[in-house]
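In: sharing a model prediction with you, sequence too.
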Amino acid sequence: MKKERKNILLVEDDRGHAELIHRAFENYRESFSLTVVTRLQEARAYLGKSIPHLVIADLVLPDGRGTELLPPKEMEELPAFPLVIMTGYGDEQVAVDSLKAGALDYVVKLDSTLRDIPRIAERAIRQWEAIVDRKRMEVALADSEEKFRALIENAGELIIIMDMIREGEDWGYRYLSPAVVDITGFSCEDVIVKTLSEFLHPDDKAMVYDILSQATENAGITLPISNFRVRHKDGRWVILEGLVTNMMEIAGVKGIVLNCRDVTRLKQMEEVLIRVQKLESVGLLAGGIAHDFNNILTVILGNLDVAKNTENREMLLHNIDEAEKWISRARDLTQQLLTFAKGGEPVKETVSIEEVIKDIVAFSLRGSDISLQLDFQDGLCPVDIDRGQISQVIHNLVINAKEAMPDGGVITVRVLNTEINKEDIYGLTPGKYIKIEVQDQGNGIPPLNREKIFDPYFTTKSKGSGLGLSIVHSVIAKHNGAVDFHSHPDEGTLFFIYLPVSEKQKTGPRDEDEIIGGYGKILVVDDEASIRDVATLLLESLGYNVITTESGEQAVEICKKELPDVVILDLTIPDGIGGKETAEEIRKFNKDIKLIVSSGYSNDPVMSRYQECGFDDVLMKPYKLEQIAKVVHRLLGKK
């Protein structure tokens, strides 16, 4: 490719010097094209039509100075062309003044210098091109920075640059985006002089600082951070989630960057969604449940009617046994319904996942024509879960699978032990897990919908709320697990869940066949007279002396006077103090009385954490003679 010739304008009124320069350029015709003028006026006329690659001008001309070709120095923009000044004086101050005026270079008119002028011109043009390139980059960078700053300043998300302070014990702010005002109510000036710990919720500090420390130790790493609370100016707590990125090695940042958004309303909506979805789930099952209850009641009433009218003792006992068996089925059905009455943080217990899944799957498929295939690996490890919440997860997945097969089909549920190592995904901590798979034979999930299925309110069903799978995702996350799926057109969908294995051992089933009597004084506290009467009959048949009361206040007074050996407290008493508050009052003056909490609300946290609330044991309603006998004997046997 032919090299471009550089256009040079020479402004020189001395013919001898002009001729010498012209001859010098003769040897460089392929590289340069030289135009010669003698006055500023001519030079300006030339520059008005064409911009040369370089202007070489004598400092002193008949109609002015060569530096007058340049724009005023106070203008920030580069001139349109580079200027090299020539003068016959080797005065250093003249050179300095020329350069200050904007000249690129300064040349003294010596014969040797003028003969070498083409090389001086070539060097000046290269230098100018470099200056122009650098200026363009500076302008582009400034433009980019302006756009970036405008983006940050107007973003709804809060962006913070932080530094570790106080020898790693706290974090300080170096930059806060204006979104801090909308999210916290504080101004940037209010926040930047304080530390992170002054705004964090005390319960979230350890989690947030742990993530920040991890980010500090790994250059360039980005870590998710979710559900941490910061104080708002009005006193409430704002829930944030986002990303923490180590940008210590990025020039202009050199800090830990926190990019987060306000999810307070979203979390509040999630809690509402959980409650709404439970109501929806119960509504969908209402017909089947009513059918089951009517069947159960039919069997119970039938057996009781026969028992009342028979004189055959063997037949009488048989009818009572049958009624009792079906009452237990009604209790199981009620227990399963209670799993839909609870949300929020999980109240965990160590359980066999196989038992939970068998119960809820049978419950979810009541009245349907779907076939079920269960596959449980031998020796499944126990898990620490909220039985109600995980039951709801399995229920939602099974209902989803059932609705994916309107013409019937098979739902396969597999459960196995597995191990997650460092190479695996889903953000799980390496270790042992239970893997639960729920597979249907439906048409699969369309590719366009796959990224949205865990989004609240997303549904493809005309009567669906789009809440089921979002709740599955939320509950599993609260159990430190993971949920995902595989789906192929016309091959169905496979959902799989990972739950961490428990380090505890599941307590084995209690032997309820043996009825053990005893002696001692027992106080029964319940607002329902029928419950007090039944408990009295059961306990007196076991040999115990029973006293009763309907209120917690009366129970406290009785315990001060009569000192019972055991107190059975109903957890919920509408008028007056409940079982938990009554236990607290009794413990103030007596540490030895054995306290039993009793309730039909198995999902109340007190029932799973009864020892933390001052109770010695728990008795679930409804209870039979064997159960109340075993609980009371267990406590009095320790006495």
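Out: Sure, I can see it.

In: how about residue 378, phi and psi?
Out: Here the main-chain torsion angles of residue 378 (degrees, to the nearest 10) amount to phi -70, psi 140.

In: tell me how many other residues surround it.
Out: Other residues within reach of residue 378 by the criterion other C-beta atoms under 10 Å amount to 6. C-beta here means a position set from N, CA and C on the backbone, and glycine is covered the same way.

In: how close does it get to residue 417?
Out: 9 Å (C-beta to C-beta, to the nearest Å).

In: now do residue 397
Out: Following C-beta to C-beta, the distance that separates residue 397 from residue 417 is 20 Å.

In: neighbour count winner among these two?
Out: Set side by side, residue 397 and residue 417 give different neighbour counts by other C-beta under 10 Å, the larger being at residue 397 (29 against 14).

In: surely that one is within a helix?
Out: Yes - with the criterion set as DSSP: H, G, I helix; E, B strand; the rest coil, the secondary structure at residue 397 is a helix.

In: where does it land on pLDDT?
Out: Here the pLDDT value assigned to residue 397 is 90.

In: that one contacts residue 475, correct?
Out: No - between residue 397 and residue 475 there is no contact, the gap being 11.1 Å when judged by C-beta atoms under 8 Å.

In: which residues in the stretch 301-450 of the chain form strands?
Out: Counting by DSSP state E, counting those that start in this stretch, the stretch 301-450 of the chain forms strands over residues 349-351, 371-376, 383-385, 410-420, 431-439, given from the N-terminal end onward.

In: let's have the ones you listed in TSV, adding mean pLDDT and distance to residue 6.
Out: What follows is the strands of the stretch 301-450 of the chain, written out as TSV (pLDDT from 0 to 100; distance: least, C-beta to C-beta, whole Å):
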stretch	mean pLDDT	distance to residue 6
strand 349-351	85	85
strand 371-376	92	82
strand 383-385	91	79
strand 410-420	93	67
strand 431-439	93	71
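
In: need those strands in JSON lines with distance to residue 192, can you?
Out: Converted to JSON lines, these look like this (distance: least, C-beta to C-beta, whole Å):
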{"stretch": "strand 349-351", "distance to residue 192": "46"}
{"stretch": "strand 371-376", "distance to residue 192": "57"}
{"stretch": "strand 383-385", "distance to residue 192": "42"}
{"stretch": "strand 410-420", "distance to residue 192": "41"}
{"stretch": "strand 431-439", "distance to residue 192": "41"}
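
In: out of those, nearest to residue 43?
Out: Proximity to residue 43, assessed across the strands of the stretch 301-450 of the chain by C-beta to C-beta, is greatest for strand 410-420 (77.9 Å).

In: next one: that closest one to chain centre, how far?
Out: Averaging C-alpha positions (C-alpha atoms, centre = their mean, to the nearest Å) puts strand 410-420 26 Å from its chain's average.

In: and the host helix or strand of residue 597, which strands flank it?
Out: Using DSSP states H and E, the element containing residue 597 is strand 594-599. Each strand pairing with strand 594-599, determined using DSSP bridges, is listed with its direction: strand 566-570 (parallel), strand 617-620 (parallel).

In: could you point out which element follows it?
Out: helix 605-608.

In: pull the contacting residues for residue 544.
Out: For residue 544, the contacting residues are 517, 518, 519, 520, 521, 522, 632, by C-beta atoms under 8 Å, 6 or more residues apart in numbering.

In: buried residues in stretch 192-202?
Out: The neighbour-count check on stretch 192-202 (16 or more other C-beta atoms under 10 Å) flags 195, 196, 199, 200 as buried.

In: need those residues in a markdown table (columns: secondary structure, pLDDT and distance to residue 177).
Out: Rendered in a markdown table, the data for the buried residues of stretch 192-202 read as follows (DSSP: H, G, I helix; E, B strand; the rest coil; pLDDT from 0 to 100; distance: C-beta to C-beta, whole Å):
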| residue | secondary structure | pLDDT | distance to residue 177 |
| --- | --- | --- | --- |
| 195 | strand | 85 | 18 |
| 196 | helix | 85 | 15 |
| 199 | coil | 88 | 15 |
| 200 | strand | 89 | 18 |
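
In: for residue 23, report the pLDDT, please.
Out: The predicted local confidence for residue 23 comes out at a pLDDT of 90.

In: likewise the one 5 residues further on?
Out: Residue 28 carries a pLDDT score of 86 in this model.

In: and it, which of the three is it?
Out: Secondary structure of residue 28, reduced to three states by three-state DSSP: coil.

In: in contact with it, which residues?
Out: With contacts defined as C-beta under 8 Å, 6+ apart, residue 28 is in contact with residue 118.

In: phi first, then psi, for it.
Out: Summarising the backbone geometry of residue 28 under the convention degrees, to the nearest 10, its torsions are phi -130, psi 40.

In: and the gap between it and residue 117?
Out: In this structure, residue 28 and residue 117 are 10 Å apart, going by C-beta to C-beta.

In: then residue 25?
Out: Look at residue 25 and residue 117: by C-beta to C-beta, they are 7 Å apart.

In: can you give me the neighbour number for residue 592?
Out: The number of residues packed near residue 592 is 8, by other C-beta under 10 Å.

In: let me know the secondary structure of it.
Out: Using three-state DSSP, the three-state assignment for residue 592 comes out as coil.

In: any idea how far it is from residue 564?
Out: For residue 592, the distance to residue 564 under the criterion C-beta to C-beta works out to 11 Å.

In: check residue 210 too.
Out: Residue 210 sits 48 Å away from residue 564 when distances are taken as C-beta to C-beta.
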